[in-house]
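K.L.:
quick check, what structure comes out for this input:
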Amino acid sequence: MRVLLDTHSVVWAISSPKLLSARAAAVITDESCLILVSAASAWEIATKVRLGKFAEAAKLEARFLDALDDAGYRLLSITPEIALRAGRLVGSHGDPFDRIIAAHALAEDIAVISADAKLDVFKVRRIW
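P.N.:
Residues are numbered from 1 along each chain as shown. As a prediction, this is how the structure comes out:
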């Protein structure tokens, strides 16, 4: 199974796994699952750390690529096709990071591990 981590799920999985739901933790730690992370999460973490809005992610941000590699997660690039799909998604939810993550999930036909019910407006499959 392949799944995509929402930004908070990336941070929690690497830095504070006890914050994950039991179901999310089980999927993330299942060695048969391929865990994907959108480049939008790197952008979101770096932006929020810089603005002082995500202090708990500062250590992860400083070594983001190494941390993903250590965890065995695979990074998804933001292609023009994904950017266009994100911009075209119907719904009032305007968060660009969530739009990119939803576009990735829809394009890859995979579920997103996220506690954020706001993603549901995009009709993605969400695990929590």
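
K.L.:
use CA for all of it now, contacts and neighbours both
P.N.:
OK.

K.L.:
which outside residues touch the helix or strand of the chain with the lowest mean pLDDT?
P.N.:
The least trusted helix or strand in the chain, going by mean pLDDT, DSSP states H and E, turns out to be helix 58-62, with a mean of 94. Applying C-alpha atoms under 8 Å, 6 or more residues apart in numbering, the contact partners of helix 58-62 are 11, 14-15, 42, 45-46, 49, 67.

K.L.:
now the residues you listed: which count as buried?
P.N.:
Listed as buried from the contacts of helix 58-62 are 11, 42, 45-46, 49, 67; burial here means 16 or more other C-alpha atoms under 10 Å.

K.L.:
from what I can see residue 11 touches residue 57, true?
P.N.:
Yes. If you go by C-alpha atoms under 8 Å, residue 11 and residue 57 touch, sitting 6.4 Å apart.

K.L.:
before we move on, the earlier item: what's the most distant pair in the buried ones among the contacts of helix 58-62?
P.N.:
Spatially, the most separated pair among these is 49 and 67, at 16.2 Å (C-alpha to C-alpha).

K.L.:
ranges for the strands of this protein?
P.N.:
Taking DSSP state E as the criterion, the chain contains strands spanning 2-5, 34-38, 74-76, 111-113, 126-127.

K.L.:
against residue 114, how distant is residue 5?
P.N.:
To residue 114, residue 5 is 7 Å away according to C-alpha to C-alpha, to the nearest Å.

K.L.:
tell me which of these two has more neighbours.
P.N.:
Higher neighbour count among residue 5 and residue 114: residue 5, with 25 against 22, using other C-alpha atoms under 10 Å.

K.L.:
residues in contact with that one?
P.N.:
Contacts of residue 5 (C-alpha under 8 Å, 6+ apart): 35-38, 112-114.
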